[in-house]
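> need a structure here:
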Amino acid sequence: MKIDLKWDKPTKLKDGAKPNFIYTCAGLDEILNRPGIYIFARRFGKPVVPLYVGQALKLRSRIEQQLNNVQLMMGLK
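Now for the predicted structure:
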């Protein structure tokens, strides 16, 4: 079994009020639609605290779904 590991830089969420979301993600098109792990986290001063860790077969699609998850997005807010 061959495992390919790639760690992308964190992507900041932006105010999504205009498209009727709580947050939106710039660069979502750059995320490949392949299996992967994603983390939603908050920064408290210097430390970054993970709030949700997920896995997906289609990473970009799953992140788009999570951006519509009101409970998760309110937790991040």
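> going forward, measure contacts and count neighbours with C-alpha atoms only.
Fine.
> mind listing the strands for this protein?
13-15, 23-25, 36-43, 48-56 (DSSP state E).
> which secondary structure elements does the last one contact?
In terms of contacts (3 or more CA pairs under 8 Å, 6 or more residues apart in numbering; DSSP states H and E), strand 48-56 is packed against strand 36-43.
> neighbouring strands of the strand it packs on in the sheet, and parallel or not?
strand 48-56 (antiparallel) (DSSP bridges).
> mean pLDDT for the strands of the chain - can I get that in a markdown table?
Formatted as a markdown table, the strands of the chain follow (pLDDT from 0 to 100):
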| stretch | mean pLDDT |
| --- | --- |
| strand 13-15 | 87 |
| strand 23-25 | 86 |
| strand 36-43 | 90 |
| strand 48-56 | 91 |
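> out of those, deepest packed?
strand 23-25 (a mean of 19; mean count of other CA atoms under 10 Å).
> and the contacts of it?
11, 12, 13, 14, 15, 16, 17, 67, 73 (CA atoms under 8 Å, 6 or more residues apart in numbering).
> the third one contacts residue 22, doesn't it?
Translated: residue 13. No. Taking CA atoms under 8 Å as the definition, residue 13 is not a contact partner of residue 22, at 9.5 Å.
> which one is residue 22 nearest to, not counting chain neighbours?
residue 16 (4.9 Å; CA to CA, 6 or more residues apart in numbering).
> okay, residue 44: pLDDT?
pLDDT, residue 44: 84.
> measure it to residue 50 for me?
11 Å (CA to CA, to the nearest Å).
> select the longest helix from the protein.
Counting residues, the longest helix found in the chain (DSSP state H) is helix 59-67.
> and the angle from that one to strand 36-43?
40 degrees (axes from the mean of the first three to the mean of the last three CA atoms, to 10 degrees).
> contact partners of helix 59-67?
For helix 59-67, using CA under 8 Å, 6+ apart, the contacting residues are 21-24, 28-29, 31-38, 56, 72-73.
> tell me how far that helix lies from the chain's centre.
From the chain centre to the centre of helix 59-67 is a distance of 7 Å (CA atoms, centre = their mean, to the nearest Å).
> in that helix, what's buried?
For helix 59-67, a neighbour-count test (16 or more other CA atoms under 10 Å) marks 59, 60, 62, 63, 67 as buried.
> nothing else from me, thank you.
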